[in-house]
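J.: below: sequence and its predicted model.
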Amino acid sequence: MSVESKKTREACCSKLKLFLASLAFAYFSKAFCGAYMKSSITQIERRFDIPSSLIGVIDGSFEMGNLLVIAFVSYFGAKFHRPRLIAIGTLIMTAGTYLIALPHFLQGPYKYETSVSHKVADNSSEGMLRCSYSFFNHLSSSACDKAAGSSLWFYVFVGNMLRGIGETPIMPLGVSYLDDFSREENTPFYLACIHTVGILGPMFGFMLGSFLSKIYVDIGSADLDSITINYKDSRWVGAWWLGFIVTGTVVLLSGIPFWFLPRSLPKQGQEESQSKSTELATMVEQENFLPEENQDHQQKEKALTFQELAKDFIPSLKRLFRNSIFSLMILTYLVAVNGFIGMITFKPKFLEQIYGQSASKAIFLIGILNLPAVALGIITGGFIMKRFKLGVIGAARVSIAASCGSFCLLFIQVFIHCDNAEVAGLTVSYQGIPQVTYEQQTLLSQCNMGCSCSTKHWDPVCAYNGMTYASPCLAGCQTSTGTGKETVFHNCTCVGDMMTPGMNMSAVLGQCPRNSDCDRIFKIYMALSVVGSFISACGATPGYIVLLRSIQQDLKALALGMQTLIVRTLGGIPPPIYFGALIDRTCLKWGTKQCGGRGACRLYDAGVFRLTYMGLIAGLYFLSNMMWGGVYIKIVKRQKKLALRNQAKENGQEGNGQANGHANINIAKNTDDTEKESTI
């Protein structure tokens, strides 16, 4: 090799590696921001006092942004400067992320429902009579008009949509650029590296969400000594806005390298002068696997006008969706993503309600346990592909095995749970008997009938008998001592009904913790969840390779864009909405807004919540496994058909190839690769 060609090769590889590193950082930053958004869902829901169904709409606005531009970006973007388009996308993402944080600076201080005075009683160790009960944070009519600013959640909706628009070019243009200019055998490993670095983003995003959820929302402007709740309370709101400033800055930095990358590169490991002739040789597997088409489509690398590109868009779509394997894989991904998005959106709420974990701890455990398992699974799947040099069929087998294995563990998780939290009048009667039906009027009992208590508000206290009461008034508490978080209620008549005379009839702020057996059950659940995450992720890279190898070279960017469009439109927007709406139906106790009206849910029926949430996820994953089986059958049939066709052509060439004096372009194809695809 000459010195000049060696320098060309080194320059090509260095730029490709720079693009690889830049794309990996872009994947990290978008995943970092997206995961933080997921981890903040509970905090945003409480801050704006909105139901889970509406928070699902806000969460789905990211995919709505993708829907607006993905088809055009993936198709037209492939014809233009792809790195530059990715850089522009990161700027739009940054603007959207900062916009999400804006409502915090436009709203007033956070007010939560409480019956506890923030002030010390006048030189007295004993506070006011609690049985004559009223909430201290009710607002005047003028203040209520100002509080209508809670509709500022619309800024979060628009900002999240801008995030979706800006994220659009990264995946289809980045992956197609990498696949075009890297060695074919290196593509699976490069993709695995990118996704592995990308999965660190969610890990850091959830850890940041966990940390900030322990910091009070109005940090720096509120008197923390006057706050009567802590981060374990269902009314607590963390500093959700601060994380969006941090993640937006990271996204901004990730876009800088793309401004300096070239529009195209020579094929990795080849001299630029030979790139055109050797490109066909490196695409043997894909050409053999794909059905025969007019070669005209493969030669369209000429500079085209925008009008010509637009005219070719519909025919290209028709060619793409005539590919039955591609179409069936899109449906399979669609069903699986429905289950995954619904699961990850409401998993912190699930851990909080079913296992009694705080929102902060739930987010932290997802980030520190589940996501590293996913990262390890993705890199393992890429290593398996490279180590055993698997073809399309081998990759499909790995994906199916991983999908079935993770489903089995998920099915077991449906039956692992803790008992309902014991809340008097909601999950159990005031005598400690489990409720069969939950009605609002059961919050009133003989022990608190003379207290004129409101049944609308949620200000839980934990009595020394282990029972939680919806408010001090509903517990029949007569007096209190202390202030803020240290407030203790005494002479609680409802507590005395369940205790022997002479025992402590006091209660403290907050819900009672779950029993110790629940901690053991939770550890079993998390272990199954982590192993299931690893097994499921092992099939991600092989599944992606099946998709890439099932589409024509000139349709690759369009196919990836359409996959993103369809999966995010139908797999990203609806799940948070219908999961949230179904979860809302399991609510036992709704909060009350400052000016009246229903706020966010404070307590769910754990049993119905679990069956609704886990049952729906398990059903979707079962359906996706069935569809994976259909994909595999299609692949095997096509592989056998192409192998027979190639064998017939070879036999024909041996019989009359020299007699007719014509060269056959198919002689360059080798059936060894297609035969390798039929075995792992």
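T.: Thanks, I have it. Numbers count the residues shown, from 1 in each chain.
J.: run the chain-centre distance for the helix or strand encompassing residue 252.
T.: Under the criterion of DSSP states H and E, residue 252 resides in helix 240-254. With CA atoms, centre = their mean, to the nearest Å as the basis, helix 240-254 stands 18 Å off its chain's centre.
J.: packing partners of that helix?
T.: Packing contacts for helix 240-254, counted by 3 or more CB pairs under 8 Å, 6 or more residues apart in numbering; DSSP states H and E, involve helix 3-39, helix 41-47, helix 82-106, helix 187-212. C-beta coordinates here come from the backbone N, C-alpha and C atoms, glycine included.
J.: any stretches of the stretch 251-400 of the chain with poor pLDDT?
T.: Along the stretch 251-400 of the chain, segments meeting pLDDT under 70 span 266-310.
J.: actually the stretch 1-150 of the chain, not the one I wrote
T.: The model of the stretch 1-150 of the chain has pLDDT under 70 over residues 1-13, 74, 78, 115-150.
J.: let's see it at 90
T.: In the predicted model of the stretch 1-150 of the chain, residues 1-24, 35, 38-39, 41-42, 45-57, 59-88, 104-150 satisfy pLDDT under 90.
J.: repeat for the stretch 501-650 of the chain
T.: For the stretch 501-650 of the chain, counting by pLDDT under 90, the residues that fall below are 501-519, 540-541, 544-573, 588-603, 605-607, 638-650.
J.: show me where it has helices.
T.: With DSSP state H, counting those that start in this stretch as the criterion, the stretch 501-650 of the chain has helices at 516-538, 540-548, 556-572, 574-584, 606-656.
J.: just name the most buried of these.
T.: Ranked by mean neighbour count, the helices of the stretch 501-650 of the chain are led by helix 540-548 with a mean of 24 (mean count of other CB atoms under 10 Å).
J.: just the CA coordinates of that helix, formatted as PDB?
T.: Output in PDB follows, covering the C-alpha atoms of helix 540-548 (Å, rounded to 0.1, in the frame of the first residue of the first chain):
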ATOM      1  CA  ALA A 540     -31.900  -5.500  20.900                       C
ATOM      2  CA  THR A 541     -28.800  -5.400  18.600                       C
ATOM      3  CA  PRO A 542     -29.500  -8.700  16.700                       C
ATOM      4  CA  GLY A 543     -33.100  -7.500  16.200                       C
ATOM      5  CA  TYR A 544     -31.800  -4.200  14.800                       C
ATOM      6  CA  ILE A 545     -29.500  -6.000  12.400                       C
ATOM      7  CA  VAL A 546     -32.400  -8.100  11.100                       C
ATOM      8  CA  LEU A 547     -34.100  -4.800  10.300                       C
ATOM      9  CA  LEU A 548     -31.100  -3.200   8.600                       C
END
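J.: can you check the pLDDT for the spatially closest residue to residue 367 that is not a sequence neighbour?
T.: Closest residue to residue 367 apart from its sequence neighbours, by CB to CB, 6 or more residues apart in numbering: residue 206 at 2.8 Å. pLDDT, residue 206: 89.
J.: what is the neighbour count of residue 206?
T.: Neighbouring residues of residue 206 were enumerated by other CB atoms under 10 Å; the total is 27.
J.: so it touches residue 374, yeah?
T.: No: assessed by CB atoms under 8 Å, residue 206 is found out of contact with residue 374, at 11.6 Å.
J.: tell me how far residue 258 lies from residue 82.
T.: 9 Å (CB to CB, to the nearest Å).
J.: what sits closest to residue 493 if chain neighbours are left out?
T.: residue 476 (3.4 Å).
J.: next up, the contacts around the closest residue to residue 213 other than its chain neighbours.
T.: Excluding its sequence neighbours, the residue lying closest to residue 213 (CB to CB, 6+ apart) is residue 238, at 3.5 Å. Counting by CB atoms under 8 Å, 6 or more residues apart in numbering, residue 238 makes contact with 43, 212, 213, 214, 215, 216, 217, 231, 359, 360.
J.: could you export those residues as TSV, including neighbour count?
T.: Output for the contacts of residue 238, formatted as TSV (neighbours: other CB atoms under 10 Å):
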residue	neighbour count
43	24
212	24
213	28
214	17
215	16
216	19
217	23
231	16
359	28
360	24
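J.: got TSV for those residues, with distance to residue 390 too?
T.: Formatted as TSV, the contacts of residue 238 follow (distance: CB to CB, whole Å):
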residue	distance to residue 390
43	43
212	42
213	42
214	45
215	47
216	52
217	50
231	47
359	42
360	42
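J.: of those, closest to residue 491?
T.: Within those, the smallest distance to residue 491 is 29.5 Å, found for residue 231 (CB to CB).
J.: that closest one - that's part of a strand, no?
T.: No: Residue 231 sits outside any strand when classified using DSSP: H, G, I helix; E, B strand; the rest coil, being coil.
J.: of all the helices of the stretch 501-650 of the chain, which lies closest to residue 426?
T.: Per CB to CB, nearest to residue 426 of the helices of the stretch 501-650 of the chain: helix 606-656, 11.1 Å.
J.: now the closest one against helix 516-538, angle please.
T.: Between helix 606-656 and helix 516-538, the angle comes out at 20 degrees (axes from the mean of the first three to the mean of the last three CA atoms, to 10 degrees).
J.: convert the helix holding residue 252 to PDB, retaining C-alpha atoms only.
T.: Provided in PDB are the C-alpha atoms of helix 240-254 (Å, rounded to 0.1, in the frame of the first residue of the first chain):
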ATOM      1  CA  TRP A 240     -37.800  19.000  38.900                       C
ATOM      2  CA  TRP A 241     -37.000  22.200  37.000                       C
ATOM      3  CA  LEU A 242     -33.400  22.200  37.900                       C
ATOM      4  CA  GLY A 243     -32.700  18.900  36.100                       C
ATOM      5  CA  PHE A 244     -34.000  20.300  32.800                       C
ATOM      6  CA  ILE A 245     -31.400  23.100  32.900                       C
ATOM      7  CA  VAL A 246     -28.700  20.600  33.500                       C
ATOM      8  CA  THR A 247     -29.800  18.200  30.700                       C
ATOM      9  CA  GLY A 248     -30.400  21.000  28.300                       C
ATOM     10  CA  THR A 249     -26.800  22.200  28.700                       C
ATOM     11  CA  VAL A 250     -25.500  18.600  28.000                       C
ATOM     12  CA  VAL A 251     -27.600  18.300  24.900                       C
ATOM     13  CA  LEU A 252     -26.200  21.700  23.700                       C
ATOM     14  CA  LEU A 253     -22.600  20.500  24.100                       C
ATOM     15  CA  SER A 254     -23.300  17.200  22.300                       C
END
